[in-house]
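Colleague: Please work out how this folds:
(4 chains)
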Number of protein chains: 4
Amino acid sequence: MILILKPNIDTEGAEYEQLVSHLSRLQNIELRIHRERGVEQTLTEIYLIGNTAALSVEDMRSLPGVDHAVRVSEEYRILGRHKDDHRSSHFDYQGVRFSQDTLHVFAGLCAVDTPEYVETMMRTLRDNGQVCTRMGAYKPRTSPYSFQGHGKNCLPYVFELAGKYGIKIIAMEVTHESHLDEIREALENAGNPTGVMLQIGTRNTQNFELLKSVGRQQEFPVLLKRGFGITLDESLHAAEYLASEGNRKVVFGLRGMKTNIAAPHRNFVDFAHVPVVKRLTRMPVCIDPSHSVGTRSRGPEGILDIMHVTAQGVIAGANMILVDFHPEPSKALVDGVQALLLDELPLFLEDIRIAREAYEQRLSRFQRGFSS
Amino acid sequence: MILILKPNIDTEGAEYEQLVSHLSRLQNIELRIHRERGVEQTLTEIYLIGNTAALSVEDMRSLPGVDHAVRVSEEYRILGRHKDDHRSSHFDYQGVRFSQDTLHVFAGLCAVDTPEYVETMMRTLRDNGQVCTRMGAYKPRTSPYSFQGHGKNCLPYVFELAGKYGIKIIAMEVTHESHLDEIREALENAGNPTGVMLQIGTRNTQNFELLKSVGRQQEFPVLLKRGFGITLDESLHAAEYLASEGNRKVVFGLRGMKTNIAAPHRNFVDFAHVPVVKRLTRMPVCIDPSHSVGTRSRGPEGILDIMHVTAQGVIAGANMILVDFHPEPSKALVDGVQALLLDELPLFLEDIRIAREAYEQRLSRFQRGFSS
Amino acid sequence: MILILKPNIDTEGAEYEQLVSHLSRLQNIELRIHRERGVEQTLTEIYLIGNTAALSVEDMRSLPGVDHAVRVSEEYRILGRHKDDHRSSHFDYQGVRFSQDTLHVFAGLCAVDTPEYVETMMRTLRDNGQVCTRMGAYKPRTSPYSFQGHGKNCLPYVFELAGKYGIKIIAMEVTHESHLDEIREALENAGNPTGVMLQIGTRNTQNFELLKSVGRQQEFPVLLKRGFGITLDESLHAAEYLASEGNRKVVFGLRGMKTNIAAPHRNFVDFAHVPVVKRLTRMPVCIDPSHSVGTRSRGPEGILDIMHVTAQGVIAGANMILVDFHPEPSKALVDGVQALLLDELPLFLEDIRIAREAYEQRLSRFQRGFSS
Amino acid sequence: MILILKPNIDTEGAEYEQLVSHLSRLQNIELRIHRERGVEQTLTEIYLIGNTAALSVEDMRSLPGVDHAVRVSEEYRILGRHKDDHRSSHFDYQGVRFSQDTLHVFAGLCAVDTPEYVETMMRTLRDNGQVCTRMGAYKPRTSPYSFQGHGKNCLPYVFELAGKYGIKIIAMEVTHESHLDEIREALENAGNPTGVMLQIGTRNTQNFELLKSVGRQQEFPVLLKRGFGITLDESLHAAEYLASEGNRKVVFGLRGMKTNIAAPHRNFVDFAHVPVVKRLTRMPVCIDPSHSVGTRSRGPEGILDIMHVTAQGVIAGANMILVDFHPEPSKALVDGVQALLLDELPLFLEDIRIAREAYEQRLSRFQRGFSS
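Modeller: Reported below is the predicted structural model:
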């Protein structure tokens, strides 16, 4: 059960103290307190864990300092959608809002290779009005003998260039808890010119120790990608590891599933799960068309499959798009084969705009439909 | 290699005779002649099968009566897209055109249960401007002890009611060659008030004997559904069985793939393959959102997943939609759980219209983009 | 519910008549009578289908002519294992007994190509004491342009040679009901020198119309292979189609499942399901190591993977082995890549003997273990 | 390319110095030196990494101090089997030898729950002549709200009891590099009464940072389990991460693959890959029948499926068996449903003995077969 306290409740005050004291005496119930500092107000929630079946929602709601109480199901306690649970679920980072209603494009380099490419990429993004990007510094690779990314060495110029071109958030994969420190330090050294969304890749979806480390900090939001070979349910539980440690700024990423029936695509595009994740949880949903499709094949009308599946994700309500671009794909060190070209960016953004508009039209049409 | 002859060539004439006589003398080459009678003209094609590597396209093109020649790859010889192959690939049936550019909705009953439901369904379709439907008479079921459909007994009233409500085409699954005769006979007895598109289901995708039977007639077009557990390539080869026997009026159907990673959907929605099938072959592509999704779950905004995935298929260029409706789903004998309600039809059609408009906008935007 | 009548009950006699008359008056119950003529006795069973929940097993058992009564679960009514169901489940064909306790090897040609190869194969089998083989006349192939088998044309010499070399049973795939007539006719024309076990391949596991046709005759036993991409449960239900039409001489075949995680094997070897099928049903279980493995790769000790997986199937209780051999694999028209060589047959049979002996040792050890 | 130096070469001596000095001057070649201290001799290998295509094996073999040279393929450089590579690949730990020729049973508790159960388990093992076990202290669980194992708190009594009952090696899963320190410290505190084989579970197969940490130490051998949802090839590459960091004491574990076609087993048993892993690499292969099967179902003859699949793994040459037992499965905190009972241990060991004997018989029969 979650008790959402009155906004801005004084956690030093008598009312709060009385409440906690009362709750502490409940049998077989453990308390976990979560505090979320927003711009306008601070929200305090108390999670009651254990044998809560015997507690009444009405009783809990009537306690001092409690605004409302929500009985959560066992599954996805924190990130899940529960009955009569009307808490907002957006988060803001670097002035950018993420929720199940927004849409942001993170176009960029799958792997950072040279400062020149990073600069070219970021300049192009700025010129097209973009403030988010993806830049891979730490690359998990199937073989230990493959290029593993430039790691912390590239962070200084990546962050500096981001600042120069007005990039506010960089999605960046991490594969070890030490990467957080490296990122934090490099950001500070550069004067915090930009922000980072930590990305957990499909190979680490159930690396619970990494999830706990990333979940224990609240500075950086997290993009958790769905795991290969496990069910959607299991991947959503993995997201809950982040939240249970305290970080609820979590975006859930669909990136295609590995199976032979996906061919000729590299992975089986799973964007039909966009509305499913939005129904089961309150997380914004990201789609990764590049790794899903994995090729630059086109329909007979000349449109890239990557653009087709992006439109499919967007028309069903996707909230974030992670997509590979590269100034010279043939020279990319990782996954160049699927990268879009810089001069395809305007068309790609325009295509997204059309699909998003259709989504909004559908939404408003349905809302009228149901009220009429 | 395919020789496309001059339109309306006289197959009794000297030019044609001379051509065939010449081709018959080619070593290790077998001829297969295909004639397609359209409203305005008759098209004759001669397939050269065997050791065609030694033949020159130029030589063949210069033969009497030949309009142009296309060297086909080994794969999907007839239905595939080949280099420099600009043959049109539409077909017309009952005054309705099917191609990779058109879009038709086939809403209807998964299984025919009572004349009343059939009539209610068809009346609703007419009232919403629809001229196509789906009606299952022969139902393949996992267990021999489950309801297997009313079979030929329901055909008389199904066809009569179709005529009454202006339904031009009924998509109807067949599982045995004898069903074709039953359908043909029932249509004739009823005075041919409607038409039938023969549907081959996922369990029979590689029932090659059935494909050959259905391929040997050209009266009814065919909707071939993708097979469970086989690759897309294998399912496209199965379509080629229809064409190699003479019937090229083939629509290819995507209906979701059976795998545990699809959950909570019944099958893994595979509509990202819409542009893939259109690139590899010249077949129109049908999507079946009902059997893919298999539930009436909704996104948090209230829109059914079935509608979301329909929009996904349409925005990427789907040409046909096969969808289950039922006047009283709880009483449906087969698959009621996923059926849309009759009063959801207008909203569903409107939703499709929005997605189709977005597709067309995308298309025109890209065509301008590439020419500019 | 199944009523097993007294052995050799006279179906013209008064007792039988009285019984049937009584049963016919039961409300909402349909009767289906099945008669199995063995060498020593004729067994008659009456299936009560419909609302049998209200019937008492004791009441039924006390009816005239009834030996015992078994309440069957909904699943796999005829072929399934039911509580307190001690009916024997073997069948004899051509003097060969098939049950969950026997083991037979069907080594032979995946596809019949020339009379010479057929003769060489059969001579080798006879020289190694074998009386069963596999010979493919009708080959379902992915592409319509591939070799589809010699069909009925090869049957005369195949059957004649079988007679010459003492082969009692040939496992032969059929893909259309007409093949049964062709086989029956060819056997008669040749003077019935051998027998045929009809094989339904993985592409037709859910071709219910073919199953019904094959199930309606009781002359030939049937080997039903598990289907690609469907669950084991669904494949077992398919077997029930055969039985529900009257043919209970059914062997169930495991042949590997198509999935990318099988690589470097062609299919994912599923022989861990040998005891599962034996637990859920009373069918003998066949394994097909050739199509499962699909290559001639060897372990570092020099033993072919095909032999390893055969040993795995046998040590867990497999009852039949279907395996590809070829005198000159490089010239085989179908699947030569995985065929064993004729001079590998003795070693293969010896390997099977070792594994079978281990199975029997395990069995006797466990039976002692549980009784002690 | 790998240069295997003369045994016991003096790495302080002139010959060695001369060799290294020569190799260091090769263009675009990086050296990695690996030293393996055995009981009788120390083996030194020099890996040449980079552009080795231009080097001649003969030239390298003729260098001072070099015993022989092996050109390795790109794949699985260290753990793979390469042409003309006759290096032994066993390793010894705690007086127990692990190779592709040995077989060891690791029966024990999936998760440590109480000291009493640990003691009962270990006493039973000793009474049955066993010196290895499995004991889970760190348990990765799908949900953050499930029991996660007792962690380092249980190590003292687990190690002490192991010493008391003569257990030499405990297979124990680790999910974070800090667990190595905790294990090392607890072992030292207890006076090193036993040894530990570090187990990397299926969720961490591609947690490359953990692999690198575990690979950087050579004290503990490692059992790496195959990953869900990735190919066998990718899992074998993951093993190479361990070796490339220096630890070649690696056992590869098969534990079933997650897919719906596995039902009614929990995972799809993949023991047909035993000979495949032995062919592609030089690692000993472990099978985990408990997690593969996941139930206590039995064949109709009364033998547990877990025992059937164990026999399947062993008859094809498995080298290690990881299996769950529990004194009171209904009280187990993790995976009790599949645990074998303590009084089933003798029968289980006897069953393994029968299958192993059959394997050895097969082996000797084949070796005679090929030489005759």
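
Colleague: what residue ranges in the stretch 51-200 of chain A are flagged as low confidence?
Modeller: Within the stretch 51-200 of chain A, the ranges that satisfy pLDDT under 70 run A:73-74.

Colleague: change it to 80
Modeller: A:51, A:72-75, A:83-88 (pLDDT under 80).

Colleague: Next up, the contacts around the residue of it found nearest chain C.
Modeller: Proximity of the stretch 51-200 of chain A to chain C (Cβ to the nearest Cβ) peaks at residue A:142, 14.3 Å away. For glycine as for every other residue, the C-beta is placed from the backbone atoms N, C-alpha and C. Residue A:142 is in contact with D:206, D:234, D:237-238, counting by Cβ atoms under 8 Å, 6 or more residues apart in numbering or on different chains.

Colleague: Ramachandran coordinates for it?
Modeller: Taking degrees, to the nearest 10, you get phi -50, psi -40 for the backbone angles of residue A:142.

Colleague: and the contacts of residue A:142 as a markdown table, adding neighbour count?
Modeller: Below are these laid out as a markdown table (neighbours: other Cβ atoms under 10 Å in any protein chain shown):
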| residue | neighbour count |
| --- | --- |
| D:206 | 29 |
| D:234 | 19 |
| D:237 | 24 |
| D:238 | 26 |
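
Colleague: Now compare those residues and name the two farthest from each other.
Modeller: The most widely separated members of these, counting by Cβ to Cβ, are D:206 and D:237 (8.9 Å).

Colleague: circling back to that earlier point, so which of the contacts of residue A:142 are in strands?
Modeller: Judged by DSSP state E, strands contain none of the contacts of residue A:142.

Colleague: which one among those residues gets closest to chain A?
Modeller: Nearest member of those to chain A, counting by Cβ to the nearest Cβ, is residue D:206, at 3.7 Å.

Colleague: Check what pLDDT the closest one gets.
Modeller: Looking at residue D:206, its pLDDT stands at 95.

Colleague: Does it touch residue D:238 like I think?
Modeller: Yes - judged on Cβ atoms under 8 Å, residue D:206 makes contact with residue D:238 at a distance of 5.6 Å.

Colleague: what's the overlap in contacts for those two?
Modeller: In terms of Cβ under 8 Å, 6+ apart, residue D:206 and residue D:238 are both contacted by the residues A:142, D:227.

Colleague: Quick check: buried residues in stretch A:89-109?
Modeller: Residues A:89, A:91, A:93-94, A:96, A:98, A:100, A:103-109 are the ones in stretch A:89-109 that count as buried (16 or more other Cβ atoms under 10 Å in any protein chain shown).

Colleague: Report the contact partners of the residue in the stretch 151-300 of chain A positioned nearest to chain C.
Modeller: Closest residue of the stretch 151-300 of chain A to chain C, Cβ to the nearest Cβ: residue A:260 (3.9 Å). Contacts for residue A:260 (Cβ under 8 Å, 6+ apart) come out as B:231, C:258-260.

Colleague: 7 Å - rerun?
Modeller: Counting by Cβ atoms under 7 Å, 6 or more residues apart in numbering or on different chains, residue A:260 makes contact with B:231, C:259-260.

Colleague: try residue A:215
Modeller: By Cβ under 7 Å, 6+ apart, the neighbours of residue A:215 are A:241-247.

Colleague: Can you list which of these are found in helices?
Modeller: The helices, defined by DSSP state H, take in A:241-244 from the contacts of residue A:215.

Colleague: Make CSV out of the residues you listed and add neighbour count.
Modeller: Below are the ones in helices among the contacts of residue A:215 laid out as CSV (neighbours: other Cβ under 10 Å):
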residue, neighbour count
A:241, 27
A:242, 28
A:243, 23
A:244, 22
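
Colleague: For chain A, what lies in contact range of chain D?
Modeller: A:77, A:140, A:142-145, A:175-176, A:203-204, A:206-209, A:228-230, A:234, A:237, A:240-241, A:244, A:258 (Cβ under 7 Å from any Cβ of the partner chain).

Colleague: Please indicate which of these are buried?
Modeller: A:77, A:140, A:142-144, A:175-176, A:203-204, A:206-209, A:228-230, A:234, A:237, A:240-241, A:244, A:258.

Colleague: ok, which stretches of chain A are helices?
Modeller: Going by DSSP H, chain A shows helices at A:14-24, A:57-61, A:115-127, A:155-164, A:178-189, A:208-215, A:232-244, A:274-280, A:289-293, A:305-315, A:345-371.

Colleague: Go through the first one and flag the buried ones.
Modeller: Read it as helix A:14-24. By 16+ other Cβ under 10 Å, the buried positions in helix A:14-24 come out as A:15-16, A:19, A:23.

Colleague: Check those residues against chain C and report the nearest one.
Modeller: residue A:23 (47.6 Å).

Colleague: quick one: the closest one and chain B, what's the gap?
Modeller: Plainly put, residue A:23 is 30 Å away from chain B if you go by Cβ to the nearest Cβ, to the nearest Å.

Colleague: pLDDT at the spatially closest residue to that residue that is not a sequence neighbour, what is it?
Modeller: Take residue A:23 and drop its neighbours on the chain: the residue closest to it by Cβ to Cβ, 6 or more residues apart in numbering or on different chains is residue A:31, 5.7 Å away. Residue A:31 is assigned 86 on the pLDDT scale.
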